[in-house]
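Asker: Let's see this in three dimensions:
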Amino acid sequence: MIKTRIAKTEDIEKISHVLATSWKSAYRGIVDDNYLDSLRYDHWVDFLTAALTGDIIFVMVIEENQELIGASIIGKSEKENEAHIRSLYLLPDKIGRGYGHAFYSEIEKEIIDRGFSKCLIDVLSNNKRAIGFYEAHGFADTSVEAETTLGNRSYPYKVFEKVFSR
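Answerer: Modelled structure (predicted):
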């Protein structure tokens with residue numbers, strides 16, 4: 001049985017593990033292998049602890065048979081009424097099975113329910129799979145490009161946005 005819900009503080013270690021596992025798979029061939037191999041499974045614990053105890057972002061999880069299989073971190077953009085999906089990941093063996101589409105639909109409902117009228121997401125420019133996923137869900141390339149540093153290398157990313165109609 002599939003269930004999505006807002007994350008709780010007791011989920012933090014499991015979420016961090018899902019994120020690390022997902023990163024090591026999703027970014028293989030895109031991000032330097034040494035960086036990916038250095039990611040610890042508790043890499044996101046401190047960040048998630050601060051996020052879940054603050055009011056700046058919310059975290060959603062998806063479970064299958066009460067096992068956490070994915071997580072998404074959503075924050076506020078710099079602009080009012082604009083959400084920013086900071087991450088959306090599934091365990092590698094769950095990709096391509098419809099879980100991502102179902103999970104994103106629930107995330108979007110939560111974003112809209114919280115009063116946001118627009119959503120942004122940053123996607124590494126070489127991550128064609130993710131770009132296709134977000135475009136399939138109505139996100140459009142804003143033509144804004146920037147770089148992020150992971151380890152000791154810089155990687156270009158694009159900003160995508162979706163405006164919600166009410």
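Asker: What does the pLDDT read for Ser77?
Answerer: For Ser77, the model assigns a pLDDT of 84.
Asker: how about the nearest residue to it, chain neighbours excluded?
Answerer: With sequence-adjacent residues excluded and distances taken as C-beta to C-beta, 6 or more residues apart in numbering, Ser77 is closest to His84, at 4.5 Å. Any C-beta I mention is one placed from the backbone N, CA and C, and that applies to glycine too.
Asker: and what of Leu36?
Answerer: Lys24 (5.0 Å).
Asker: need the contact list for the one you found.
Answerer: Contact analysis of Lys24 by C-beta atoms under 8 Å, 6 or more residues apart in numbering lists 36-37, 39.
Asker: Buried ones only from these, please, as a PyMOL command.
Answerer: Of the contacts of Lys24, the buried ones can be selected in PyMOL as follows, counting by 16 or more other C-beta atoms under 10 Å:
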select buried, resi 36+39
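Asker: All the helices of the protein, in order from the start?
Answerer: For the chain, applying DSSP state H gives helices covering 12-26, 33-38, 45-53, 99-113, 128-136.
Asker: quick one: buried residues of the last one?
Answerer: Yep, that's helix 128-136 we're talking about. Going by neighbour count (16+ other C-beta under 10 Å), the buried part of helix 128-136 is 130-131, 133-134.
Asker: same deal with stretch 21-39?
Answerer: For stretch 21-39, by 16+ other C-beta under 10 Å, it's 21-24, 26-27, 30-31, 35-36, 39.
Asker: shaky segments in the protein?
Answerer: Across the chain, the ranges flagged by pLDDT under 70 are 55-56, 166.
Asker: thinking again about what came up before, and of the buried residues of stretch 21-39, the nearest to Tyr89?
Answerer: Ranked by distance to Tyr89 (C-beta to C-beta), the buried residues of stretch 21-39 are led by Ser22 at 3.6 Å.
Asker: Next one: that closest one relative to Leu68, how far apart?
Answerer: Separation of Ser22 from Leu68 (C-beta to C-beta, to the nearest Å) stands at 12 Å.
Asker: Lys94 too?
Answerer: With the distance defined as C-beta to C-beta, Lys94 ends up 11 Å from Leu68.
Asker: can you check Leu48 too?
Answerer: Separation of Leu48 from Leu68 (C-beta to C-beta): 12 Å.
Asker: So what pairs up with the residue nearest to the spatial centre of the chain in the strands?
Answerer: With distances taken as C-alpha atoms, centre = their mean, the residue of the chain nearest its centroid is Ser87 (1.6 Å). Beta bridges link Ser87 to Ile73, judged by DSSP bridges.
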